[in-house]
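A.B. asks: 3D, please:
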Amino acid sequence: MSVAFEPQPTPYQSLQAGQWVKLICGASYQDMPTIRRLAMIYALAGVDCVDVAADVAVVAAARQGLADAQSLVKRWARDESLNQTNTSATPGIWHYLGQDLPWLMVSLNDSEDPHFRKAHFDPNRCPPDCHRPCETLCPTQAIQFADASLEPSASPDLSGVIPNLCYGCGRCIAVCPVQNIVAQSHQARPEDFSAEALSLVDAVEIHTQAGRQREFAALWRRLEPWRNHLKLVSISCPDDPHLEAYLQDLYAIMAPLDIPLIWQTDGRPMSGDLGKGTTHATIRLAQKVLATNLPGYVQLAGGTNGYTASKLRELGLVRPDSSTQMDYSDGPTTDPTPAIGHHPQRRIAGIAYGSYARTLVMPILEKLEPTLPGLLELGKVEIASPSGVVRHLEDALDATDDLGRSQKSESLSTIDSTGDLKVAIDQARQLVGALKAGGEAKAPGDVRNP
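C.D. replies: Below is the predicted model of the structure:
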């Protein structure tokens with residue numbers, strides 16, 4: 001099996017070229033082993049940014065996933081068994097990890113927001129004859145019930161929502177026949193990050209809603225210790241009749257900015273895996289934000305899926321030169337630091353994929369787990385807990401959820417087999433490549449048949 005590298009732009013260059021692609025792991029998603037795998041696979045597939053919950057251990061897990069990707073690339077570069085001539089019998093591995101790693105972003109909220117919540121219910125209030133649509137519908141299997149028919153002594157306390165797996169989509173709330181499920185909101189606090197933990201973060205995203213000028217300004221002031229360290233700021237806001245004026249107020253609060261600014265258009269939050277039609281809401285919102293001519297870059301989210309990039313191209317909302325392969329092999333073809341005060345040609349700068357991207361590769365990641373027997377050479381990422389105690393990532397992963405279930409990952413100390421890994425990278429690259437290099441990678445099919 002051969003290994004090849006496709007030269008990639010830096011995250012800055014992707015913004016300028018209209019080829020920025022971000023992976024959203026979820027502002028409330030805390031399944032650290034899965035986040036680590038997602039960060040590794042999508043880094044090898046060429047994303048520019050990985051967006052995770054503002055949780056120190058989650059950030060460390062994502063950073064470790066990026067280190068895993070680096071380690072694999074280094075091993076592949078010197079492994080003679082992988083550098084054989086590529087044939088149809090031994091299809092090659094193509095990785096798209098550039099010298100500049102994907103940026104790591106954390107999401108914060110200035111007030112209550114659907115991205116910052118988790119489902120909760122008392123299983124003792126569930127009718128015995130309920131057909132449990134919540135369990136069937138949950139996209140991350142966060143709702144589980146102890147099966148008394150298999151284990152008569154099973155306690156109801158072992159049933160309920162596994163908090164680390166819930167990312168707050170709210171689908172279970174809508175289908176509960178007895179309205180037993182509620183949403184519990186939380187606030188992501190920048191103060192929870194020590195100086196050591198902050199060094200693992202490259203960018204920040206603020207989730208807000210129209211009418212919250214005072215709350216946004218307060219959070220922006222609290223972020224002052226972060227500003228000299230950040231490479232990018234993103235503002236995520238849903239549609240509203242007063243959206244244009246609100247975004248102008250936000251820019252006035254933040255100005256002057258000496259780093260790039262992204263306006264994330266959150267069309268239908270956490271819905272991209274429901275069907276291709278969900279992408280229309282975020283495209284309509286993006287067109288609305290583009291029309292404001294605000295400084296910054298416009299990036300889609302909320303309802304994005306395998307249909308989004310082709311629809312943008314059909315509507316002429318991506319830059320013309322994003323339909324051509326750009327050559328980065330001999331150095332950057334664009335200024336490595338994009339202009340701060342405008343958005344090039346008033347077109348879409350990028351796409352963020354969340355629930356769709358996760359659902360797309362999860363079956364492959366589950367299959368991949370037993371095939372990690374060869375060596376990954378990397379040091380553990382050290383993290384600083386809110387109490388100031390430095391821990392290693394493996395210690396952070398050795399956690400239990402509120403129901404007492406172990407959330408420890410198998411060690412990523414070894415990797416030997418590459419077949420499933422190649423499939424995972426190719427599948428992720430199909431989604432990432434739908435925007436990058438003009439969509440030379442065929443957009444993936446329905447996530448229900450990956």
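
A.B. asks: any idea of the mean pLDDT in stretch 238-255?
C.D. replies: For stretch 238-255, mean pLDDT is 96.

A.B. asks: Only the buried residues of it, if you could.
C.D. replies: Using 16 or more other C-beta atoms under 10 Å as the test for burial, stretch 238-255 gives 238-239, 243-244, 246-247, 249-251, 254. Every C-beta, even on glycine, is put in place using the N, C-alpha and C of the backbone.

A.B. asks: Same check on stretch 350-363?
C.D. replies: 350-362.

A.B. asks: Which member of the residues you listed is positioned nearest residue 216?
C.D. replies: Nearest to residue 216 among the buried residues of stretch 350-363 is residue 352, at 20.2 Å by C-beta to C-beta.

A.B. asks: you'd agree that closest one is in a helix?
C.D. replies: No - Residue 352 is assigned strand when assessed by DSSP: H, G, I helix; E, B strand; the rest coil, not a helix.

A.B. asks: Show me what it is bridged to.
C.D. replies: Beta bridges link residue 352 to residue 22 when assigned by DSSP bridges.

A.B. asks: so can I have TSV of the buried residues of stretch 350-363 showing distance to residue 433 and pLDDT?
C.D. replies: TSV is the format used below for the buried residues of stretch 350-363 (distance: C-beta to C-beta, whole Å; pLDDT from 0 to 100):
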residue	distance to residue 433	pLDDT
350	13	96
351	12	96
352	15	95
353	12	95
354	18	92
355	20	89
356	15	91
357	13	93
358	18	91
359	18	88
360	13	91
361	14	92
362	19	89
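
A.B. asks: which two in these are spaced the farthest apart?
C.D. replies: That would be 350 and 362, which, of the buried residues of stretch 350-363, are the farthest apart (C-beta to C-beta) at 23.1 Å.

A.B. asks: Which strands and helices lie in contact with the top helix by length along the chain?
C.D. replies: Counting by DSSP state H, the longest helix found in the chain is helix 56-78. Applying 3 or more C-beta pairs under 8 Å, 6 or more residues apart in numbering; DSSP states H and E, one finds that helix 56-78 makes contact with strand 3-5, helix 32-45, strand 49-53, strand 93-95, strand 103-109, helix 195-198, strand 382-384, helix 393-397.

A.B. asks: And the fifth one, what does it pack against?
C.D. replies: For strand 103-109, the helices and strands in contact under the criterion 3+ C-beta pairs under 8 Å, 6+ apart are strand 49-53, helix 56-78, strand 203-207, strand 232-237.

A.B. asks: want to throw the helices and strands packed on helix 56-78 into JSON lines with mean neighbour count?
C.D. replies: Converted to JSON lines, those look like this (neighbours: other C-beta atoms under 10 Å):
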{"stretch": "strand 3-5", "mean neighbour count": "15"}
{"stretch": "helix 32-45", "mean neighbour count": "27"}
{"stretch": "strand 49-53", "mean neighbour count": "27"}
{"stretch": "strand 93-95", "mean neighbour count": "20"}
{"stretch": "strand 103-109", "mean neighbour count": "24"}
{"stretch": "helix 195-198", "mean neighbour count": "16"}
{"stretch": "strand 382-384", "mean neighbour count": "19"}
{"stretch": "helix 393-397", "mean neighbour count": "20"}
